[in-house]
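S.K.: I need the structure of the sequence given here:
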Amino acid sequence: MMFSPASVLALSPESLANLASALLVVFDGNIVGPEKLSREEFIAMLLHEIGHHLNKPKPQYQNNPIGSAEWLAGKMEYDDKKVLEHEADDYARHCGFGDAIVSGLQKFKALEPGRFNNPEIDLRIQRIREKAPMLIGRLEAGG
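M.R.: The predicted structure is shown next:
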């Protein structure tokens, strides 16, 4: 089960031949695709997912990837989840894709209102539109 149209999953070394570790970004094909998102919106979503990886969560959450059972079960504090989403959005903004994140989120709300028409999505859109201060300090500090 995925929390959003995309998630980042940490892969164990056992699942990868000669790599120490890897990340896999998974996209929900029912929502994400060239017929649904523009090129810029797709890149913005990919940058958002990369932002999740680059802005590491608090140590107690680092082994629970976004979209994991722990995340979905609500074991992560609400404010921490919100900050992680803002940090990931801000990485896409930092890379110049803020408008594309907004238009992509608006499309998700229209395509999947049961999953995406909620106050948290509206807050994310509002933060980006208002050019709220970016939460990328841990990124700039190297993690």
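S.K.: Could you point out the helix or strand that follows the helix-or-strand element of the chain with minimal mean pLDDT?
M.R.: The element with the least model confidence among the helices and strands of the chain, by mean pLDDT, DSSP states H and E, is helix 69-72, at a mean of 52. Of the helices and strands lying after helix 69-72 in sequence (DSSP states H and E), the nearest is helix 78-94.
S.K.: got the angle for the helix or strand following that next one vs helix 78-94?
M.R.: Elements were assigned by DSSP H and E; along the chain past helix 78-94, the next helix or strand is helix 98-111. Interaxial angle of helix 98-111 relative to helix 78-94 (axes from the mean of the first three to the mean of the last three CA atoms, to 10 degrees): 130 degrees.
S.K.: What are the contacting residues of the following helix or strand past helix 98-111?
M.R.: Tracing the chain C-terminally past helix 98-111 and defining elements by DSSP H and E, one meets helix 113-116 next. Contacts to helix 113-116, defined as CB atoms under 8 Å, 6 or more residues apart in numbering, come from residues Leu105, Phe108, Lys109. Where C-beta positions appear, they are placed from N, C-alpha and C, glycine not excepted.
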